[in-house]
Each structure stands twice: as C-alpha cells, then as structure tokens.
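Colleague: Below are the sequence and a predicted model for it; my questions follow.
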Amino acid sequence: MAAQDVSATGTDLQGDARKRNVGQPNGSYVPKEAGDKMDEKTKQKTNSFLATLDDYEFLIAPLIFTALAFFTRMWKIGLSPIVTWDEAHFGKFGSHYLKREFYFDVHPPLGKMLVGLSGYLAGYNGSFEFKSGETYPEELNYTYMRLFNSAFGALCIPLAYFTAKELHFKRPTVWLVTCMVLFENSYTTISRFILLDSMLLFFTVSTVFCWSKFHNWRHDPFSPEWGLWLVMTGFSIGCVCSVKWVGFFVTALVGLYTIEDLWNKFGDLKMPKVELAAHVGFRAFGFIVIPLIVYTASFWVHFMILENSGPGDAQMSSLFQANLRGTEVGKDSPLEIALGSRATLKNMGYGGGLLHSHVQTYPEGSQQQQITCYHHKDANNDWFFYPNRHQPEFDAEAPLQFIGNGDTIRLIHAQTGRNLHSHQVAAPVSKADHEVSCYGNTTVGDTKDHWQVEVVSDAASNDYSKVRTLTTAFRLKHVDLNCYLRAGNVNLPQWGFKQIETTCVKENKPRDPYTHWNVESHWNERLPASDPGSYKSPFFRDFVHLNVAMMTSNNALVPDPDKQDDLASKPWQWPLLHVGLRMCGWDDHIVKYFLLGNPAVYWGTTFSLVFFVGMLAWYAIRWQRGYDELTWGQVDHFHYSGIYPVMGWALHYLPFVAMARVTYVHHYYPALYFAILCSGFILDWYTRSLHKGVQWGIFSVFYAVVIGLFWLFRAICFGMEGSNQQWKHLKWFDTWRIAD
Amino acid sequence: MSAPSPQNSVRQRGGKENKKRGTTPQPSDSSLMNGNASEKVESIKQGAKKAVTNEWEYKVALAVITVLAFLTRFWGISHPNQVVFDEVHFGKFASYYLQRTYFFDVHPPFGKLLFAFAGWLVGYDGAFLFENIGDSYITNKVPYVAYRSMPALMGSLTVCTTYWIMWESGYSLPACIVAASLVLFDNAHIGQTRLILLDATLVLFMATSILCYIRFYKLRHDPFSRKWWKWLLLTGISMSCVISTKYVGAFTFFSIGVPVMIDLWELLDVDRKRGALSLPEFGKHLAARVIGLIVVPFLMYLFWFQVHFAILNRSGPGDDFMSPEFQETLADNIMTQQAVGIDYFDSIAMRHKETKVYLHSHPDRYPLRYDDGRISSQGQQVTGYPHNDTNNLWQIVPSVAMEGYDHPVKNGDVVRFRHLVTDTWLLTHDVASPYYPTNQEFTAVPTEEANGDRFNDTCFEIQIAGGKPDQQFKTMSSHFKLIHFPTRVAMWTHTTPLPDWAYKQAEINGNKNLQQSSNIWYVEEIPGLAEDSPRLQKEEKKVKNMPFMKKYLELQRAMFYHNNALTSSHPYASFPIQWPFLLRGVSFWTENDTRQQIYFLGNPVGWWFASSILAVFAGILGADQLSLRRGVDALDQRTRSRLYDSTGFFFLLWAAHYIPFFIMGRQLFLHHYLPAHLASALVAGAIVEFIFNIEPSDISNLAITDGKTGSRQQQQKRGRPTRERIAGQSLLATWAAAGVIVAVLVWGFWFFAPLTYGKPGLSVEQVLARKWLNYDLHFAK
C-alpha cells in the first residue's frame, strides 16, 4: 500500500496519467512506476533534509493534517454547556438507547446508536431530556459525547487526503483539497456537536475513498486487495445509508460507476463469459448484499437494544408493541372481543395509527365530527363494540355475546358517545372515497352506523368465529354503502391536525393492508385477563414496517406555506453561501455558534462546477471539430477524477431541489465535498504541467486564502462569547445573521 | 426520414469505426461509379412509377380519414345542450373575454382567446357565465354549437395531421392508417375535442409542431432556402401555440429541442458527410434555430398576453389576484372608484381579507376559564363578525397629540382604536387567546384604563402591504397588517368559530408570525362620512397605465404560484401510472331521466395496443443495444436508423409528454395523457410496419455482411426510401395486420360510443357490459 501511495504522489504524475490506458492490464505497471521511484529516491536521498521530508510526505503530511483536524474539531468543544440545535433530537435519541426505550424517528438507527454508545462510554444514564437550550446537568459528560462525535468529523481529513491521492492529483492539489476540507468552517462547526452530520460526512467520504481505491485496483481484478476494497466500499455504503437516507445518493454514484464498468466489460468480447459473470456476481455481492446486511443489521441491533416500551410504540404494529417490555398493549387484555367491550383499533397498514375521533368537526362535507387515525395514545382512541340497531339494546347483564366473522356491529366512540358512521359524502382529501364521521349517539342514528366484521386472518388460530385481541386482522365493511374502512397514510390539512385521513373505500381489495384492523387494547370486566401478546412478530415484518413508517413521516415534513421558518433555507442559497444558520439563542450570555461555510471554499467550488461544465463543452466541441488534443490517459483522468465527482455533487444536490420537504443548509455538506474534489481537479488539470516553483507559488495563494478566511471566521465555529456586536465585521451580508 | 441521421445516435465514446460507416458515399453515387448504372436506372424508373401510384393511394386514404374524422367529431355535437364538466371554466372565460372583464386563470391565454374568437364570430355577447355543470344552453341562449365546433374542427384536423406525419416520415400506407386510426377511433380524443376544452388546441398544435419539424428536417440539405425558413418558422409558431395554450407545451419544446441539438452537434462534426462547416456557417445555423425556435415563439407567446391585456380592460373577478397597481389599470375598478383617504378620528370598519369578517366587539366578556382549563383575562370580547353592524365601528385615534383635524393617516403610523358603541379601546396583551395558547388575546378596555397604565398596549402600527413610507392610508385599496406596537404581534383571525359564549363569531388574536399572508386586513368604508363630503368627491380617476412587461411578469408569477397550488383532490383525478393502462376515466356529465352519461374514456383496445407497442419498442431497442454490445448485428443500417431516428423520435415525444407528470404535485386527469397518446399512436404505426415487414433479403444477407460485395449490394437496397424498397414485396402481411387492428379499433369505438357521445342512454346490462376494468360508470344499478 505504501508503494501504491508513493507512486500516486510521485513527481512524475504527468507521465503516469498519460501512460494509463484502458483495457491494458497494468498489473505490472505499478511496480514498474515504483521501481522508477526507487531510483529517484536513491538519487535524492543523498541531498538534504528537505528531500527526506519530501520522501516521507506520504506519512508526514497526513499526520500533520490529522493533528490539525483533531485540534480544529475538538478545541474548546465543551465551551457551551447548553443543548445546542439538533442535539435536542439526537441527544434524546441517544438517551432512548441508554434507557432501552422504543422511540420513532425518520432516520435509520446507526448514527443514533453511535450517539448512544458515546453516552454509554461517557457514563451517562439516559435520564436527561435534552430540551433545546437547556443547560447540561453535572453528571452528564457532554464534552465526552461531543468529542466522540467530532472524531468522525476529524477523520474525514486524512480520508480526503488519501482520496485526492487516489484520484491522481499532484501533491499541491492534494494538499489544497485536504485544506479545503480541513479549514471549512461549516464542516468544523457541524462536527462539534452531538449530531449525525459528522458521521454522515465521514461515511460519505470513506465511501468515496474506498471506491477510488477499488477503481485503482481495476487492472488486477479478483486480487485480495481488489476484493478488500470492494467489500470496504460495500460496508461504507451500508454505514452511510444506515446513518441517513442521504447516503443513497453516494450509493447511486457507486451504482452508476458499476453500471458503466459492467457495460464496458459486457462489450469486451474477449472476456470469457465466466469471468464476466464473476464480475457481476462479485459486484452484486459487494455493492448490494453487503450494504443490505449492514443496513438490516443496524435495525436488528436497534430492535434488540430497544426492548422497553417507549414514546415510539404507536408507530409499530400491535403485535410488535406487545413484545416490548413494560407495554400496556396485550397485557391483561381479555382475549376475545364481546359486545360491550372497550377497545382501541389499530390500522395494520405500514405506519398505521389508531382509529381516533375528537370533538372537532369537518370544515366541509357533512360537517360532522372528524374521524382520523392517530399515533398518539389517548382516551379518544377508545371504542365500544355495540350490537347493531336491529338487535335488542345492549344489556350489560345479558350473557356474553362474542363477535366473529360476519357479525354486524356498531362502534361507539367512548369519549363522545357517537357512532362510527359513513355516508355518501366525498371524503375531504381523497375525494373518490366516502367520508367517515362520528354521528348520533346510542339512540339517535340509522343503519349507516352498521359495520360488518370480515376476518382476514388470525395469527393464533384458524377459527374465525371470534375476534381476538392483537392477532385477528379484520376488515370493517359498511353495510349500506358496501365500502371498507381505510386509513391510507394521507395526512389531513391543519384543521385535522395533520392526522391520517380515514375514509370508506368502494373497491373491495381484500389484500389492501390499509383496510385491515386489529384490536390493540381491550378492556372488558366480565372477561378473564390473558396474555395474547405471546405471539412474536417476525423481524422482517417489523423492519419493513418501520422503514415504511419512516418514509411516510419523511414525506410529511413539508414546509407549511404560511409558516416561515427562519432556520430553513432553499437549495439555491447553499452553493452561493447566501445564508447561515443560528444554532442557538443569540443572547449575550449564550455561547453562540453560527453555521456558515468558508466563503473561499463555497464560492470557489461553486465557480469550479460552472467552470467544469464549460470545460466539458469546450473539449467536446473541440473534439467534434477534429482536434484530437487529449491522450487516452487524460480522457480517463478527466472521466474518473473530474466527471465522477461532479456527478456526485449533482446526485447530492439536485434531489433536494426537487424535494418538497423542509431543507436546511447542512443538507448541502455531502455535496460540498464533491464540489471540493471538482475544484481540486480543475486546478490540478491546469497546473500539473507547470514548473514546480510556479505551481507552489499559485497554490500558496490558495492555501493562504482558505486558511486566512477560516481564521477570520474562526469565532463562529469555536463559539462566540458575549455581545454579538463584536463580530459585526463578519456580517458581510444582511442574510449572514452573525450580529443583530 | 424524420429525425437526425443514424450515425450519431449509435455512436459510442470510441467513435472511430462508426465514423467510417457514416462517411460511406451516397449509395446512388457509389452504384454509378461501380458501373451498376443500368441497374440503377431501372430501379429509379420502377421507383418513380410506384411512387406515383403510391402517392395516389395515400391521398385517397387521407381523404377517407378526413371525412371519417369530421363525421366522428361533429356527429351529435349539439348533444348535450347543457354545460359539461370543465366547460364551466372555459366557457366562462370566453364570456369574460366577450364582456372584457378581467379574470385570472393558470393557463396562458391563446386557447381561451380562440373560444372567445369563436363566440365573437357568431356575435355572442357573453351574457351567460357557465356557473354550474348541467345548466341549460337553450334557456340561456348560448351559441354552444359554434363554441364546440372550434375544438371539433381542430380535433378532426389532428387526425389528418397524424396521418400526414407518418406519410412525411416515409412509412408505408398501412402503417399510416394504423397510426391515424388509433387517434381517429379513439373515444378520448373524440370526447375531449367535442367540448369547450383546451385540449383540442393543445393536441393539434403539438401534432403540427412534429409535422413542421419533420418537413424542416427533410429540407436539411437545402439550408436557408425559402422553404427551409418557412418550415423552421412554422415549427416555432406551432410550438408557441402549444405553450400559449397550456404549459405542457414546454414538453413539446423539449422533445423538438433534443433532435435539434443532435442535429446541431452533427453540423459541428468536421467529418460530416457533406463536408465540414466553418464556424461562421455553423453560427448561422445556430442563430437561425435560436430565432426560429426560441425567439419567435416567445414573442408570439408574449403577443397573446398583450392581446389578453388589451381585451380585458375592465375590472372583473380576477382583480383580487393582482396587485393594487395592476388593478388601477382596469376601468370600473372598485378600488379606484371607492378608495377614500382616511383621516384621524374617522370611524372605520375593518375587514379581514381572507375570511371577510369585520373587526367587532360587544359588551360580553371572555369566560374566565376555557374548556381546556386555560384562563382568560375576562376582558371584553373582540371577535370577527361577518355582517354589517354598528359594533364594527372603530374610531382611529393618533397615539400622539395632534393639532386640529383633517390629518391623514399614513403608512407606518402608530395609532389607537376606540370602539364607538361601548366606548372602549382595542388592546392586546400577553394572555393566551381562546384557541391558540401561542397567540395573544385581543380585548377592549375602558377609557380610564386605556389612557392610564395600559396606554402602551393600545398602540398599533399600520403596515400597508407593499406600501411606501408615508403613503396615505385609504379605504379598499390599502391592504394592511395591524402590528401591536409593544409586543410585535399581528392582528389575525381564522375560520374556526368560537363557542356559543361568543355567538360562534370568529376569534381575533395576535399572531407572532408577522409574515403570514393571512394577516392582511383592509378598511371597507368610513360610514360616518356625509354623502356630500368633499373627500368623497374626486375628479374622475383616470385609468393608469402600466408597462406591458411589468404586467406580464406579475401575471406570470401569479399563474405559476397558483398552478402549483392546485393540489386539492378531485373525485375523478388519477395518477399518471394509470393512464397508459386506461384504468380509470372521468365522469363528465349525467342525466338521470334518460340514463345518458358522458364518461371520458379512451378506446381501451387502442390504448392497450399502443401501450403494449411502446413496451415492444423499448424491448427491441434494449435487445439491439445488448446484442450490438456483444458483436451481433441483427439489423441492417437502414432499418436501424429508422428505428432509432424516426420511431425513436416518436418515442421521445411520448416519454417527454408523459414522464414529467410523475413529479408533478398538482391535480392530474386522464386528459393530460392525450398528447402522449398521440405520440404512442405514431410509435404503434411504425412498429407495425417494422414487425410485419421484415425483408427476407435482409435475413439472407445477414450471413455475408462482412463480405465487401455483399455489403455494397445491401447498401444499394438500403439507399432507397422505404416506400420504394418495400414496393416490390408483398405488403400483404402488413395490410392484413392493419386490417385486423382497424377492425378491432372500430368495434371498440362503437362499443364505447354511447359513453362518448352521451347518447343513447344505456340499460343496466349495457352499462355493466362496459365496466371492463371496473370503470366507475353511472347507472350501473
């Protein structure tokens, strides 16, 4: 590996790039280069101390950069003793792992489990609530937790250094790219708190690094190193996707690379078919199977740790909840439902909630009381099973009458005493369905309150003559209208408190899980208590269920046009560094942090992206006009070290433009890394043939600007104490709200 | 040949070998040089003879198709004599044009102007406003047949254009007939183009854009000639008409833009077949296309807006969407008519812009304790009340002492409000409002308190939306926010009524979010003003002028904003994925007595056929790419270039007019698929020819493609237009296939015709028989 590094940073890179050729297996090429290198080395060794430094640059430079990285990420990290910005979320989720309580969040669990791990190592017991802006208690070693987190941010720097080398940039460029990552104010700031972003960045950077390693081993396929980097890339992908779903974008980059690679191999008629199949098979294993294993494993651990009931229970299926420790669900509930039973009804679709009603009415349609599906547990979710209107009035003393498949019943809302009702009025959002409302009372009403129980399946028994708590899945068919009660993950507008719309659908689709319901909690004094929760729900079902629920909640994070969120920003603002973000309150006594990038890095990289498009057009048009000016080696370098980073940028940036959800400045950080690589590529491209002195002259200006601006803006990363007016000079634009 | 020439689309990154293929001399030259002159002459003779007869056949077919198109589109056009579906909108807009009252719509004006033109031609005055589906045209004396003839005419021409596109692209007669029949006998195209709707215009001009572009492309060897310019400009104008009807036209621009870009790219090629172009020459090509396909269409697009503004010079229902400056350009505008400057000590009634409630107060007090246990100040209630009432009157008082009277209120002034009837003063304070714990309660306090220690709490700042500093505060025209001076909350109200203790009136509270657009209020009147007050007598205000571009930009912005806001659900809205499979239609109109209904639905046979052909085409391309990659060349150059360039272009049209709908958040209907369906019909025609017309000679020649002589012979065969090439062979298979397809299409059309034409009424069994995919038809029981 050392030899590899030496050759990659060797002074004679120009020739190196030119000599590279596609299709020509150059397993022999690396040693040869290394051999040349050795000759040079012996020549230079005689010279001086500088030459020695030069030789050991591959060791010294990354060490210095890493030391600086740890310093910038960790210096004065415990200065602010208050819960800053999203620490309120992620610190809290970490606490849940320590308390082992089940919670729900839109992000996959790996990052938060690492936060939990840091808390565990810090000896924290999970009792703090992490309320935004609150001071950390004595016993909570928040400095340790932040240090743990910032290590991920700091480790990005050596990875960036080696990635730049793997992309065959020359030494000054490698240093510049590393500096741009190291002296990036926004990277520095975001890495210093208990957030997921430092981990996301780290795994994104490591994925790119592993990918570039893998790419450079392409001429020696099936060698152990090739296999190692294949597996490492897959592992990295798995990790990045398990931290945030943003990781899918870097996965897409590797995916596109693989498709192109395989397409080329597919066209190589000389390659034996077995070898081709082996290529496909290895990649499928490395880039699909391994990431899936990592991703699934993170959820498996997640479920294993969180074995107690907690705030996120309601997002999961009833059977899952019943298996949590300390839950109410399924504990001491009578097994079979009888007339007069009080129960909560759970929708069995992925992310389904509990059938709910409240006194608020529909603003349109029938204007009767609203029916929704809601995840929060309260008394408004309780329903009574009552006989239908053709049967004699319910008598609490009469012999028990169990409910089974085909029975027609009424459901009465416990809090308001109204009947679950449907009629020929269009539902408020899904206009094609019938509206479901709550109407009348035990005496007032009609046959439109009648619902027929149709049992779909029962995990415990094949006997459908009784509805059982938790295990029986049934549909509720409206007798008069011939429609089915359904709650299909459509959120109501603000008047319905964004709860899930519940309707009656005309289509009879027995397999639609959103029309399936089960009894979750059940109370009936006349029935003996039992333990219906002894059935386990299978892991993969829970896994899929949780992922669908995450996706649904993620989609619901849309900006409210009436609410102007000061913190949110639009994607077009990010590359231009149009706005920053206040991470905490702006009072004088608070240590203030402002999330803003290094202007040189942001504007420079954005300019380089535009410039790159121009370059691409220039060379394409020149080629079309018959100028054959690039060697194949150069084209190859352009392709893998230029186009792929730019594609990475586009993949990490453009989806946010199309996305409807609320976006913040830190969503740009993974994309910024690719933009930095792109700017490095361009500088490298135009300076690699220059005289060494000139090269260093040009680059020292860039180093100075990047480091200088970082220094100028250092206060926003390391914490601003006292009046914000001290930093008035940094408020270059009105939108940079560093000072009031 | 319709689209860019072959070598480009198959060119790989390596480029070299392909280039060689591309530079092969024109076949005719080569055969002459090689001494095959006699054979060549013979073939030309034959070809010419065939061509004449063929063209004749083509013309007859065109005539038949045209007649059938007019018959299917115009038959029973007067039925139903009621407003159907979206005629509610577009009929109404035509009436607004005829009455010249300003209205607002999310679509550009061209399509609607055409309807207005039709109405104007028959001398209609636009008195009927198409309020409800089912309103009678007869009793309201609307010339609806004239209106409907317009889209029916365009719908009929669409069929001819489809046929013509195939003809110009050089497909065989049966292929042309199949493509045209797919549109001709399509119930969706017929249904949508017989009513007062914009889609007929849209689809027709989309088709003519394709046709004009193909004509233009065929003239590529004669650039800058008069005809070349003519078809270039016609392409641009057609596309402009599409985008001036609906913004779906952007997809047409994209799908024509792609081949234009490829074409330009090829013109840049130094190894170009017909010799390299110098850069200035290339610049000329580029400039011509920019002018013809971008500048001219955009100017035309703007022109329709100019017409729109010129016609709509009177105030109307669209005023509210526009800024006050814009509204002042309209005659009889309420704002310009009624705006009166407000002076201090005037009594005014303030009205909330969104909910239209007046700021109101009455002696009742807030209950001490609300239902949820929170506690109020128990102060006098301040509510929103929708009706006129003396309790709505508030006297506007300065917060600082002023000498004398007649001081006008200005933007940014800090003022106080005295409730006249109860002699109390408006204030808000840090007490939670009845419904919103986060918002401040509004109440009114007696004078001694208001002038005492609560003085500060009674101060409010007037912020006129979009106003300049010191601009005068006027009734009607000044939309303002009332910001509480000490606590910076805005007076706000919403639609949830308060409980009975406030007589179900609206809650007024202080909203911390000052930016919210629903904070806007306006002053409706100054009731105390004597009728002969000099302040009411103003010189007749002149209608102001506003530069066209400013007006246009404002309207354009509002259109985009409201187009994105069309997200509410409709019972018959559908998802794009359902369209090619025709899973669901739209119920347009029903009549219970006669059991008649119009259910907008395509001809299922045709849609499924066209959609499956799209899949076949994608399969053919995929298989060809894969086999080429593995060195197996199963197609001859000519066939491949047709498949990629001509049929590929149609496929691109389909994809460009279909796929973008997937990422659109707005309400979508089946009729949005019509342009894409037309493109799929073109693909279907082409693929029918491809499948049923595999040349036996090609198969026999496959084996010897490597041999030099063999390939040359093949080159000759390929060199001739398809029409000649296939003339010698039996088209029997193609004709047979076309015959079967058309027969089935006609049957499907006939079967679903009662739902398209709205007559005759169907019995239960007949309706049930037509519920193929459980279509939600009416009168099924």
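Modeller: Thanks, I have it. Numbering: from 1, shown residues only, chains lettered A, B, ... in the order given.

Colleague: gap between A:Thr251 and A:Gly238?
Modeller: With distances taken as C-beta to C-beta, to the nearest Å, A:Thr251 is found 9 Å from A:Gly238. C-betas here are computed from N, CA, C, even on glycine.

Colleague: intersection of neighbour lists for these two?
Modeller: A:Pro291 (C-beta atoms under 8 Å, 6 or more residues apart in numbering or on different chains).

Colleague: For the stretch 551-700 of chain B, which segments are assigned as helices?
Modeller: Counting by DSSP state H, counting those that start in this stretch, the stretch 551-700 of chain B has helices at residues B:604-629, B:637-641, B:648-658, B:674-692, B:696-702.

Colleague: who does the second one touch, helix- and strand-wise?
Modeller: Yep, that's helix B:637-641 we're talking about. If you count contacts as 3 or more C-beta pairs under 8 Å, 6 or more residues apart in numbering or on different chains; DSSP states H and E, helix B:637-641 packs onto helix B:6-10, helix B:708-719.

Colleague: Up against chain B, what does the stretch 151-300 of chain A have?
Modeller: A:263, A:266-267, A:269 (C-beta under 8 Å from any C-beta of the partner chain).

Colleague: which ones among those are found in helices?
Modeller: A:263, A:266-267 (DSSP state H).

Colleague: Which of the residues you listed lies at the shortest distance from chain B?
Modeller: A:Gly267 (4.4 Å; C-beta to the nearest C-beta).

Colleague: Give me every residue in the stretch 201-350 of chain B lying close to chain A.
Modeller: B:265, B:268-271, B:276.

Colleague: tell me which of those residues is nearest to B:Ser477?
Modeller: Nearest to B:Ser477 among these is B:Trp265, at 55.0 Å by C-beta to C-beta.

Colleague: Surely that closest one is in contact with A:Ala617?
Modeller: No - B:Trp265 sits out of contact with A:Ala617 when judged by C-beta atoms under 8 Å, with a separation of 11.2 Å.

Colleague: more neighbours, these two?
Modeller: Neighbours per residue, other C-beta atoms under 10 Å in any protein chain shown: of B:Trp265 and A:Ala617, the larger number sits with B:Trp265, 14 against 10.

Colleague: which stretch of helix or strand covers that one?
Modeller: According to DSSP states H and E, B:Trp265 maps onto helix B:249-268.

Colleague: What lies in contact with that helix?
Modeller: In contact with helix B:249-268 (C-beta under 8 Å, 6+ apart) are residues A:621, A:624-625, B:3-5, B:8-9, B:202, B:206, B:209-210, B:213, B:217, B:220, B:235, B:239-243, B:272, B:277, B:282, B:285-286, B:289, B:293, B:297, B:649, B:652-653, B:656-657, B:660, B:675.

Colleague: how about 6 Å then?
Modeller: Contacting residues not belonging to helix B:249-268 are listed as A:624, B:3-4, B:8, B:206, B:209, B:213, B:239, B:242-243, B:277, B:282, B:285, B:289, B:649, B:652-653, B:656-657 [C-beta atoms under 6 Å, 6 or more residues apart in numbering or on different chains].

Colleague: One more: stretch A:57-66?
Modeller: Stretch A:57-66 is contacted from outside by A:5, A:157-158, A:161, A:178, using C-beta under 6 Å, 6+ apart.

Colleague: By neighbour count, which of these wins?
Modeller: A:Thr178 (29 neighbours).

Colleague: hang on, it packs against A:Pro158?
Modeller: No - using C-beta atoms under 6 Å, A:Thr178 is not in contact with A:Pro158, being 8.2 Å away.

Colleague: hmm, back to that, what's the angle between the helix holding B:Trp265 and helix B:674-692?
Modeller: Put simply, helix B:249-268 runs at 50 degrees to helix B:674-692, going by axes from the mean of the first three to the mean of the last three C-alpha atoms, to 10 degrees.

Colleague: The helix or strand following helix B:249-268 - what's its average pLDDT?
Modeller: Of the helices and strands lying after helix B:249-268 in sequence (DSSP H and E), the nearest is helix B:279-290. In this model, helix B:279-290 has an average pLDDT of 94.

Colleague: In helix B:279-290, which residues are buried?
Modeller: Along helix B:279-290, these residues count as buried under the neighbour rule (16 or more other C-beta atoms under 10 Å in any protein chain shown): B:282, B:285, B:288-289.

Colleague: So which residue is dead centre in the chain?
Modeller: Going with chain A. A:Lys244 (1.8 Å; C-alpha atoms, centre = their mean).

Colleague: that's the wrong chain, I wanted chain B
Modeller: The structure's chain B has its C-alpha centroid closest to B:Lys246; by C-alpha atoms, centre = their mean the separation is 3.1 Å.

Colleague: I'd like the distance between the residue nearest to the centre of chain A and chain B.
Modeller: 22 Å (C-beta to the nearest C-beta, to the nearest Å).

Colleague: Ok, A:Val601 next?
Modeller: 32 Å.
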